[in-house]
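In: Only the shape, not the letters, is given here:
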């Protein structure tokens, strides 16, 4: 713990600090330089693990899981109108709520993976839920929903479904939403964990991985939007759901197959208290002038105070939060209290959250529009003349244009 020449326990910034062992200022600066230039200890993971072998399994896993998800989601609005006899507006509203649930569950999965469970366990658990939902959906559609067989093809009308069949159907699709939503944000970061940033070659591979990941996602969804929807559009809904279930099961098996070779990073703990501590500490020191970068509080050594995370270097933006890491005489009068004094890494973590807010806010309108691709756009395509000669183009295949345009923009 640092000490000062005169301890008066005020909220004034510390001007001169010396360690308990009376190290000189030059020694402290040399030690600080050593800490700053030290490589992060992320490479403490075994070198024999990870790499492109493990990442390739995760890419295939992503493609198969995406195929399974869009095999259900892309044509869901037509299923609701043709099989469950909902009005167009009600069906579109139901699909929007379901899609919103997927996105909300993504927050749950990301929070659990980074804070408590770790990415591998989170991916495994949510994939199991995903598979369970698809199994239940396949059984429900076969046993309860399609009477007579082959109905729901625009010509043959389905008989009214039982309330228990509808209830199990909604349970199954929301299990699918929970499973895929919790899995989707975690698998991307788990794939990037297979490459060590401390290694120059692996750092380049890590950047390339996200391009391949996006390609695998588009490839899986393209198959669903072209092949699977063709069978579903002709009344073979159960076949489409069974293929989606088989794809999800295969994805899970491949994921588990790579277990011995994955690289694992420890979760960093709940970030919400850490971010709150920064704002509380900065508010308590509202009248304190922030110290310069070199005088801000940070733990010694290459390790960060945040478990499983490397140090984040100081930035000059949002400088008022630097007050939380400014050492005052009052901070040195008692035990270290994270609600009064935070590390530079902790402050930079809070700054990152604030910097992300404009991006998150800007995506709201885009998400509102993009959600219509799975509802109103499909309903519009269903009433259009969609024959090319004698071939009938399924309405849900219109989403393939969106996939191709996004893929072309990515390239």
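Out: Sure thing, it's come through. As the structure is a computational prediction, the values presented were derived from the model and not from experiment. Numbering: from 1, shown residues only.
In: Compute the first-to-last residue distance for stretch 135-150.
Out: Terminal residues of stretch 135-150 lie 20 Å apart, using Cα to Cα, to the nearest Å.
In: next one: that stretch to chain centre, how far?
Out: The chain centroid and the centroid of stretch 135-150 are separated by 32 Å, computed with Cα atoms, centre = their mean, to the nearest Å.
In: Now do the buried residues in it.
Out: 135, 136, 137, 138, 139, 140, 141, 144, 145, 146 (16 or more other Cβ atoms under 10 Å). Heads up, the C-betas are built off the backbone N, CA and C, glycines and all.
In: Skip the chain neighbours and tell me the closest residue to the third one.
Out: So the one you mean is residue 137. residue 172 (3.9 Å; Cβ to Cβ, 6 or more residues apart in numbering).
In: next one: residue 52
Out: The spatially closest residue to residue 52, leaving aside those adjacent along the chain, is residue 205, at 6.7 Å (Cβ to Cβ, 6+ apart).
In: Let me see the mean pLDDT of the helix or strand harbouring the one you found.
Out: Element membership for residue 205, per DSSP states H and E: helix 200-223. Mean pLDDT, helix 200-223: 89.
In: and that helix, what other elements does it pack with?
Out: Under the contact definition 3 or more Cβ pairs under 8 Å, 6 or more residues apart in numbering; DSSP states H and E, helix 200-223 sits against helix 52-73, helix 163-192, helix 399-410.
In: For the last one, give the mean pLDDT please.
Out: Taken as a whole, helix 399-410 has an average pLDDT of 65.
In: Just the buried residues of stretch 323-343, please?
Out: Residues of stretch 323-343 classed as buried by neighbour count (16+ other Cβ under 10 Å): 323-332, 338, 340-343.
In: Figure out how far it is from the centre of its chain.
Out: Here stretch 323-343 is found 33 Å from its chain centre; the criterion is Cα atoms, centre = their mean.
In: Show me where this protein has its helices.
Out: Here the chain has its helices, by DSSP state H, at 25-37, 52-73, 76-82, 88-112, 119-140, 163-192, 200-223, 229-233, 237-257, 271-284, 344-371, 376-382, 399-410.
In: now the ones you listed as TSV including distance to residue 264?
Out: Converted to TSV, these look like this (distance: least, Cβ to Cβ, whole Å):
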stretch	distance to residue 264
helix 25-37	26
helix 52-73	11
helix 76-82	35
helix 88-112	15
helix 119-140	6
helix 163-192	9
helix 200-223	16
helix 229-233	38
helix 237-257	14
helix 271-284	19
helix 344-371	22
helix 376-382	40
helix 399-410	29
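In: right, and the ones you listed - which one's nearest residue 291?
Out: helix 344-371 (10.5 Å; Cβ to Cβ).
In: Which strands or helices does the closest one pack on?
Out: Against helix 344-371 (3+ Cβ pairs under 8 Å, 6+ apart) you get helix 88-112, helix 271-284.
In: what packs against the first one?
Out: Here helix 88-112 touches helix 52-73, helix 76-82, helix 119-140, helix 163-192, helix 344-371, helix 376-382, going by 3+ Cβ pairs under 8 Å, 6+ apart.
In: export the ones you listed to JSON lines and tack on distance to residue 253 and mean pLDDT?
Out: What follows is the helices and strands packed on helix 88-112, written out as JSON lines (distance: least, Cβ to Cβ, whole Å; pLDDT from 0 to 100):
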{"stretch": "helix 52-73", "distance to residue 253": "9", "mean pLDDT": "94"}
{"stretch": "helix 76-82", "distance to residue 253": "26", "mean pLDDT": "89"}
{"stretch": "helix 119-140", "distance to residue 253": "10", "mean pLDDT": "96"}
{"stretch": "helix 163-192", "distance to residue 253": "15", "mean pLDDT": "94"}
{"stretch": "helix 344-371", "distance to residue 253": "32", "mean pLDDT": "88"}
{"stretch": "helix 376-382", "distance to residue 253": "31", "mean pLDDT": "77"}
